[in-house]
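Peer 1: Model the structure of this input:
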Amino acid sequence: MAKHETLKERRTNPLYTNGFIWSGNGKLLDYDSDDGVIQWRYAQFNVRAIEDCPCRTAGCTAVCYATKGNHVFPSVKASREKSYNESRRADFSDAVVYTIRTEKQSGRYKDKIMGVRIHESGDFYSVQYLRKWLTAWYELKNDEGVCFVFYTKSFPFFLMLNDLERAMLNELLESGKVAMNLSIDDTTTPEQWKAYVKMRKAFPKANTYAVTEHTKEGDDVCDCADCARCGACNKATGKRKVVVIHSASNADMDVYRANVNK
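Peer 2: The predicted structure is shown next:
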């Protein structure tokens with residue numbers, strides 16, 4: 001940060017985006033080491049649930065937690081709409097870089113790892129939008145103490161990336177700057193499965209999180225209630241984990257089961 005430019009001044013710069021939430025969700029609380037020193041603080045960038053999930057499955061639509069509980073409050077919906085509009089800025093990549101570098105110097109994130117969770121709600125809704133994030137990630141690749149994590153079903157958009165862009169993303173995955181978690185479930189269609197297989201080949205360090213109602217023997221079940229302390233999804237390892245559906249109503253599960261294997 002320039003010495004003559006205060007944090008307040010940077011936050012009022014037109015390049016600064018107000019689309020971020022500078023805190024984690026219920027599971028992504030600040031990570032405390034055993035000696036009580038906070039090492040991680042989380043931030044979020046969300047877009048609209050369902051509307052901005054063009055590659056959603058029938059199952060994830062039925063049990064989507066981003067459409068339940070506190071997520072339906074008008075203030076939450078308004079926040080996501082604001083972030084969606086910000087994401088459509090022509091200079092969104094520059095805005096992300098400027099904003100993250102600004103907040104990294106704030107008291108909340110200084111000397112901490114800033115873990116940016118992209119899309120607690122929503123997904124990459126176009127290849128153009130994905131490219132904006134990729135540009136920002138790559139610009140920030142040498143910034144210490146900043147990393148990104150996301151779950152996605154938007155496989156077709158990643159497969160639209162050209163060879164150079166794929167190489168850039170693989171470099172980011174290898175370095176640990178970005179952790180990509182591929183999301184599949186019991187209602188993933190054959191067409192989506194084909195795209196998923198291509199993703200595994202194109203991005204070997206991408207993790208897989210298989211959401212299911214029932215587990216099988218030998219499954220590596222992700223059942224940790226403290227995501228921040230576990231941090232498995234923050235690391236690009238290429239491993240496959242299984243997540244059991246939880247907190248879904250009986251009615252939602254009926255819809256989910258009706259779409260299994262369809």
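Peer 1: What about Ala66, how many residues nearby?
Peer 2: When neighbours are counted by other CB atoms under 10 Å, Ala66 registers 19. Placement of C-beta: from N, CA and C, glycine included.
Peer 1: who's in contact with it?
Peer 2: Ala66 makes contact with 46, 49, 120-122, according to CB atoms under 8 Å, 6 or more residues apart in numbering.
Peer 1: Relative to Cys55, which of those residues is nearest.
Peer 2: Nearest to Cys55, judged by CB to CB, of the contacts of Ala66 is Gly122 at 11.4 Å.
Peer 1: can you pull the pLDDT of that closest one?
Peer 2: Listed pLDDT for Gly122 reads 96.
Peer 1: Contacts only, for it.
Peer 2: Taking CB under 8 Å, 6+ apart, one finds 46-49, 51-53, 66, 80, 84 in contact with Gly122.
Peer 1: now swap in Leu130 and tell me
Peer 2: Listed by CB under 8 Å, 6+ apart, the contact set of Leu130 reads 124, 154, 157-158, 161.
Peer 1: can you rerun that using 7 Å?
Peer 2: By CB atoms under 7 Å, 6 or more residues apart in numbering, Leu130 lies in contact with 124, 157-158.
Peer 1: Ok, Val116 next?
Peer 2: Counting by CB under 7 Å, 6+ apart, Val116 touches 43, 45, 148.
Peer 1: what does Ser106 give?
Peer 2: Residues near Ser106 by CB under 7 Å, 6+ apart: Leu7.
Peer 1: Ramachandran angles for it?
Peer 2: phi -70, psi 170 (degrees, to the nearest 10).
Peer 1: Could you report the distance from it to Glu213?
Peer 2: Separation of Ser106 from Glu213 (CB to CB, to the nearest Å) stands at 42 Å.
Peer 1: if we can go back for a sec, neighbour-wise, which of the contacts of Val116 leads?
Peer 2: Within those, neighbour counts (other CB under 10 Å) peak at Phe45, which reaches 25 neighbours.
Peer 1: Need the pLDDT of that residue.
Peer 2: pLDDT, Phe45: 97.
Peer 1: show me where pLDDT drops low in the stretch 151-262 of the chain?
Peer 2: For the stretch 151-262 of the chain, residues meeting the criterion pLDDT under 70 lie at 225-229, 261-262.
Peer 1: in it, which spans are helices?
Peer 2: When assigned using DSSP state H, counting those that start in this stretch, the helices of the stretch 151-262 of the chain occupy the ranges 155-159, 163-175, 190-202, 227-230, 250-258.
Peer 1: re earlier: I'd like the contacts of Val116 laid out as TSV, including secondary structure.
Peer 2: Formatted as TSV, the contacts of Val116 follow (DSSP: H, G, I helix; E, B strand; the rest coil):
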residue	secondary structure
Ala43	strand
Phe45	strand
Phe148	strand
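Peer 1: from those residues, which single one is nearest Cys60?
Peer 2: Nearest to Cys60 out of the contacts of Val116 is Phe45 (CB to CB; 19.5 Å).
Peer 1: hang on, the earlier thing: which one of the helices of the stretch 151-262 of the chain has the most crowded surroundings?
Peer 2: Comparing the helices of the stretch 151-262 of the chain by mean neighbour count (mean count of other CB atoms under 10 Å), helix 155-159 comes out on top with a mean of 20.
Peer 1: just checking, what packs against that helix?
Peer 2: helix 127-139, helix 190-202 (3 or more CB pairs under 7 Å, 6 or more residues apart in numbering; DSSP states H and E).
Peer 1: 10 Å instead, please
Peer 2: With contacts taken as 3 or more CB pairs under 10 Å, 6 or more residues apart in numbering; DSSP states H and E, helix 155-159 sits against helix 127-139, helix 163-175, strand 178-185, helix 190-202.
Peer 1: With distance to Ala62 added, can I get the helices of the stretch 151-262 of the chain in a markdown table?
Peer 2: Shown next, in a markdown table, are these (distance: least, CB to CB, whole Å):
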| stretch | distance to Ala62 |
| --- | --- |
| helix 155-159 | 20 |
| helix 163-175 | 30 |
| helix 190-202 | 16 |
| helix 227-230 | 23 |
| helix 250-258 | 4 |
